[in-house]
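Colleague: fold the following and give me the result.
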Amino acid sequence: MPTLDRTTRALAADEIAEINRSHLIDTPLVPADLLFVFGTREDDLLRAETAARLWREGYFRWAIVSGGVTPGSEQSECALIKAAMVDAGIPAELVLEEHRAMNTGENVIFSLPVIDAALGLANIRSVICLGNTWTARRYPMTLHRHWPEVEKMLLTVDSFATPRALWHTDAEFRRRMLHEWDKIEPYKAKGFIAEWPA
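Modeller: All right, here's what the predicted structure looks like:
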């Protein structure tokens, strides 16, 4: 029997509204100690350009890029994104590197010792999480599970022409969004992520 693909299920208006309300969280941005750039195979240049804009506008003092080598690439997500960030004007010495992570949990788990060794975790009071729109609050939820003390903000980006609130009208945007949304409750139950915001 074929497995049911939940990313193509019928969506009621209340589920769409709940995803828009609780998953696609917007947080006000204020200057932070650290920008946490989660690795990606999608829109990596957009992520780097966004980081550079935040740098020019004074939104962070340090950054870390986390992401390993994915199939079909010889370079890690970290190497590719950091190079693009530096090309866009961020000083290389301000961007910490984590090259092993293959998922969001590993992004955080493997990055914390890097941050601690370079800056001291106790010296970081605030973090802006930068990642894909569809993964949304799972970035700070993962960070909150492993580093609850730090203040977290969230900024997400994507290259879809479809407005974010209308994600359900674009087949690929919808697939990605539901794939991530459906992870939230199981991941909370397994202790992979913690509720955020409180």
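Colleague: give me the element the most centrally placed residue in the chain is part of.
Modeller: Nearest to the geometric centre of the chain sits Gly131, at 3.0 Å (Cα atoms, centre = their mean). Applying DSSP states H and E as the criterion places Gly131 in strand 126-132.
Colleague: list the buried ones in that strand?
Modeller: Residues of strand 126-132 classed as buried by neighbour count (16 or more other Cβ atoms under 10 Å): 127-132. Glycine gets a C-beta too; all of them are placed from N, C-alpha and C.
Colleague: other SSEs contacting the longest helix along the chain?
Modeller: Assignment by DSSP state H gives helix 104-118 as the longest helix of the chain. When contacts are defined as 3 or more Cβ pairs under 8 Å, 6 or more residues apart in numbering; DSSP states H and E, helix 104-118 packs onto strand 32-38, strand 60-66, strand 95-98, helix 138-146.
Colleague: how far is the first one from where the chain is centred?
Modeller: Relative to the centre of its chain, strand 32-38 is centred 10 Å away, using Cα atoms, centre = their mean, to the nearest Å.
Colleague: paired strands for that strand, with orientation please.
Modeller: Here strand 32-38 has these sheet partners by DSSP bridges: strand 60-66 (parallel), strand 126-132 (parallel).
Colleague: rebuild the ones you listed as a markdown table, extending it with distance to Pro163 and mean pLDDT.
Modeller: Below are the strands paired with strand 32-38 laid out as a markdown table (distance: least, Cβ to Cβ, whole Å; pLDDT from 0 to 100):
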| stretch | distance to Pro163 | mean pLDDT |
| --- | --- | --- |
| strand 60-66 | 27 | 98 |
| strand 126-132 | 16 | 97 |
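Colleague: any chance of those in a markdown table, with distance to Ala51 too?
Modeller: Output for the strands paired with strand 32-38, formatted as a markdown table (distance: least, Cβ to Cβ, whole Å):
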| stretch | distance to Ala51 |
| --- | --- |
| strand 60-66 | 6 |
| strand 126-132 | 6 |
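Colleague: for Thr133, grab phi and psi.
Modeller: Note on Thr133: backbone dihedrals following degrees, to the nearest 10 are phi -60, psi -50.
Colleague: distance check, it against Leu54.
Modeller: Remark: distance between Thr133 and Leu54 (Cβ to Cβ, to the nearest Å) = 16 Å.
Colleague: and for Asn132?
Modeller: Between Asn132 and Leu54 the distance is 16 Å, computed by Cβ to Cβ.
Colleague: got it, and Asp87?
Modeller: In terms of Cβ to Cβ, Asp87 sits 15 Å off from Leu54.
Colleague: ok, these two, which is more surrounded?
Modeller: Leu54 (21 against 12; other Cβ atoms under 10 Å).
Colleague: just the element for that one, please.
Modeller: Leu54 is located in helix 44-56, with elements delineated by DSSP H and E.
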